[in-house]
Structures are given as C-alpha cells and as structure tokens.
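Visitor: How does the following fold in three dimensions:
(2 chains)
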2 protein chains.
Amino acid sequence: MKEQTSISKATIDRLPLYFRTLRLVQDEGRDIISSEELGRRLGITPEQIRKDLASFGQFGKKGVGYYVNELKRNVGEILGLNNHWNIAIVGLGHLGAALANYQNFVTLGFNLVALFDQDPNVIGTIVNHVKVDDIKHLKAVVKERNIQIGIIAVPAAFAQGVADQLVDAGVKGIWNFAPIKMKVPDTMHIVNEDLSIGLSSLSYHITRK
Amino acid sequence: MKEQTSISKATIDRLPLYFRTLRLVQDEGRDIISSEELGRRLGITPEQIRKDLASFGQFGKKGVGYYVNELKRNVGEILGLNNHWNIAIVGLGHLGAALANYQNFVTLGFNLVALFDQDPNVIGTIVNHVKVDDIKHLKAVVKERNIQIGIIAVPAAFAQGVADQLVDAGVKGIWNFAPIKMKVPDTMHIVNEDLSIGLSSLSYHITRK
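Guide: Next up, the predicted model:
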C-alpha cells in the first residue's frame, strides 16, 4: 500500500460505499468487476472510482477490471474494518435505538457489544440481542468487553459528561450525535455526526433549481 | 452575492454550522464576532472560515469582524433556509421518530408538517405535535400542505416505492436514509444519508493512531 497521508476526506467517505458494493458483488459469486459497473451501481463516475482506488495502490488490471475479493480485502484494511471494532452505544432514546438496530454496522464488521442508559425502565431491556447496562457501570464494562468505540446518542446537555466517561474508560474513538462541540484530549479521535448538514445541503440545492 | 457555481461540498457542509453558531451569538445579544472566535467555537481555523465566507461575498470588516445579523441572514439565504421548507417524514420506526423529534431542524427553519406510516398501530398517533397519516394519503397530503422535502426513513425494501410516491406527489427534494441507490428522475434532487460513513471514517482514523 502507498503512503496514505494525502487521501482526501471525500475519498475516505466513498470507501465504505465501495466496500459494501464489493461485498454484494462477492455474494453474487462474481470474481471481477469493472470500474464502469461499480460506477453504475454507485452513481459515481468510473474516472472517480479509478482515481480513488489508485491513490491506495494498484488493485485493478487494465482492460479486465478489479479482482473483487482482493479489492474488498484491501478497502476493508484501509478502513481498518478488519479490526472488527467492539462498539457501544450510550443513550437508548429513539436515535440510540435506531443505531442499535442498524444492520449496516454488522455488514461492515463492527460488533455491537454494549448499550448504556440511565433510565431504570430501560436498563435491563434487550435491544438487538444486547442487554442495556446502567451507565454507572460504563468504565467497568468498556474494559471488560474491550470496547474501542463509544457512540454518544444522549441529549446535548449530557453529552460532555458521557464523553468524559468514555475518555476515562479508555476508548480509542468517539462517534458523537449530540449537536455540541466536545472537549476531549487531542489524542482522542472524535467524529461529529450532524444530521442538519444533509437537510441543509438539500435546501441549498433545491433553492438553486 | 457572487456567482456560486464553484463552491465546494465541504464549504456547503460547514455553512449550517456557521448558521447555528451565529444564531446562538445573536441570542447572546452580540452584534459583531471575529473569525477567531467563530473558529474557537466551531473547532475550525479562522483562515478556513474567512475563506469559506469570502467565496460568497464580503460580509466582514477587516480588524472588526463579522456583523452577526447580516452574516446570519446571508448564510441562511445561501442555504435557502429563508424558504422555511415544509418537510414530511415517511416511516415512523426508531429512526423516523428520532428525526421527528430532532430540534435542530426547527432551529434551522424547517417546518415538520406531516408524518406517514403504513402501520395501523402508528397511524393516528401524535409525534412531536404532528399526527401520523396513512401513507395511502401521501400524495393528497403533500399537495394540501405544500410539502417540498420528503424524508425517507423506511426499510430498504420499501424505499424505492416511497421515493416513487414522493416524486409523483411533486416534492422538490428527497433526503434518503435507506442504504440503497434510488432511481429518481434527473430533475429530482436527492441527498443520501449514510450512517456507516461516519463510523467507517472513525475506524480509518483510529487504525492509524
């Protein structure tokens, strides 16, 4: 693999789409796929696909296409999906429950191993085969089950407190759905998910039609 | 305003963050804010902020800062938020319910005016002050309530059918949460929200730590 420091965020954001499509193609029993077909399935130009994949190394054969298994393994490695990270969701409101039931995480190789809430009516219930633990036990459970990624799906007012607990418990990364800017150590990687961006982007485009 | 054809997706994606922060600053009663303070609040460099905003026109005064009300109004106009789009959510599972209760949409000026489901146990219930309608009546309700944006939060297997109904009903744009590539007319603007991208991006980064 080539040195990966210069890969754009846009390219990284397309890699999960490639991975998912390659998995489907693999399930169909196919060995080779062209950038043209990948493009048709994904709504991305073949040129863009070739450019994206070329930035990581040489996975295709000119005039033949990409070897499906090899490319999928490599894209998965680049994304680190072969680590099969253990993930935990904090907050079992509507959003947390939606995330706990999201099948794509399984498809990508993530393991949902813990759920946390503070509501006595929610603690002890089972969501997608995982029992909800009391948030008081977060640190112990994170260590015990070797959880590397914490997902914050609590209301904004509680989010910083949860982030502090996740940092203290030793996770490697945080995926935050609360619409606030968290204070975390520089060494902690945090991805903020902001659902208002998609809707605003749509507004931007339909305003210009 | 300048011609806006060359604005990058990354810039457009940052505009809702600017809008939201400017709204908070406005609520604090402030008239002027510097790119340095905006940067601190958002975790974005002042240089990036100045560059983003300069691509739309001249909103700041050197050595003084940005005029909060003027900049907020302009960013809102660029995003088309001053249109106060009427939105509808189709599918009241966990994700649909989470979206229906998402306060940021209100903050950005969107009006949630309709909810649709096919489950008789869900039809007629009230979610965030909106009554859930039978999906059978989608076209009539979309026309009656002048709905411009449809949000698809149904399982993948039903998503294309819902998209067809929304197109037929005459919405201007679709925000799709189902993990499939929809077939819609070229004239329809569609934004696909893919929650696995955020988690995969986090995996990419913590793999490299």
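
Visitor: Counting by contacts, list what the helix or strand containing A:Val142 packs against.
Guide: Per DSSP states H and E: A:Val142 is located in helix A:138-144. Using 3 or more C-beta pairs under 8 Å, 6 or more residues apart in numbering or on different chains; DSSP states H and E as the contact definition, the elements that helix A:138-144 packs against are strand A:86-90, strand A:111-117, helix A:156-169. The C-beta positions use only the backbone N, C-alpha and C, and glycine is treated the same way.

Visitor: nearest residue to A:Lys181 other than its sequence neighbours?
Guide: When the adjacent residues along the chain are set aside, A:Lys181 lies closest to B:Gly43, with 5.5 Å between them (C-beta to C-beta, 6 or more residues apart in numbering or on different chains).

Visitor: my read: that neighbour touches A:Met182, true?
Guide: No. Using C-beta atoms under 8 Å as the test, B:Gly43 is too far from A:Met182 to be in contact (9.2 Å).

Visitor: So for those two, which sits in the more crowded spot?
Guide: A side-by-side neighbour count of B:Gly43 and A:Met182, using other C-beta atoms under 10 Å in any protein chain shown, places A:Met182 first with 19 against 12.

Visitor: check contacts around the nearest residue to that one once chain neighbours are set aside.
Guide: In this structure, A:Met182 finds its nearest non-sequential neighbour in A:Ala163, 4.7 Å apart by C-beta to C-beta, 6+ apart. A:Ala163 sits next to A:Ile152, A:Ile174, A:Asn176, A:Met182, A:Lys183, A:Val184, A:Ile190 when contact means C-beta atoms under 8 Å, 6 or more residues apart in numbering or on different chains.

Visitor: same thing but 7 Å
Guide: A:Ala163 makes contact with A:Ile152, A:Ile174, A:Met182, A:Val184, according to C-beta atoms under 7 Å, 6 or more residues apart in numbering or on different chains.

Visitor: got a markdown table for these, with secondary structure too?
Guide: Below are the contacts of A:Ala163 laid out as a markdown table (DSSP: H, G, I helix; E, B strand; the rest coil):
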| residue | secondary structure |
| --- | --- |
| A:Ile152 | strand |
| A:Ile174 | strand |
| A:Met182 | coil |
| A:Val184 | coil |
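
Visitor: out of those, who's nearest chain B?
Guide: Within these, the smallest distance to chain B is 7.9 Å, found for A:Ile174 (C-beta to the nearest C-beta).

Visitor: Show me the residue at the heart of chain A, geometrically.
Guide: Centre of chain A computed as the mean C-alpha position; nearest residue by C-alpha atoms, centre = their mean is A:Phe105, 6.9 Å away.

Visitor: State the pLDDT value of that residue.
Guide: A:Phe105 is assigned a predicted lDDT (pLDDT) of 87.

Visitor: so it makes contact with B:Gly198?
Guide: No. The pair A:Phe105 / B:Gly198 is not scored as a contact, 10.8 Å apart, by C-beta atoms under 7 Å.

Visitor: Find residues that contact each of those two.
Guide: Contacts common to A:Phe105 and B:Gly198, judged by C-beta under 7 Å, 6+ apart, are absent.

Visitor: about what we covered before: residues in contact with the helix holding A:Val142?
Guide: A:Ala88, A:Ala114, A:Phe116, A:Asp133, A:Gln165, A:Asp168, A:Ala169, A:Gly170, A:Val171.

Visitor: Name the SS class of the fourth one, please.
Guide: Secondary structure, three-state DSSP: A:Asp133 is strand.

Visitor: what is it paired to in the beta sheet?
Guide: A:Phe116 (DSSP bridges).

Visitor: Any stretches of chain A with poor pLDDT?
Guide: Applying pLDDT under 70 to chain A picks out residues A:1-6.

Visitor: Would you mark the buried spots in the longest helix along it?
Guide: What stands out as the longest helix in chain A, according to DSSP state H, is helix A:9-27. When burial is assessed from 16 or more other C-beta atoms under 10 Å in any protein chain shown, helix A:9-27 yields the following buried residues: A:11-23, A:25.

Visitor: That one packs against which elements?
Guide: Secondary-structure packing of helix A:9-27 (3 or more C-beta pairs under 7 Å, 6 or more residues apart in numbering or on different chains; DSSP states H and E): helix A:35-42, helix A:68-79, helix B:195-207.
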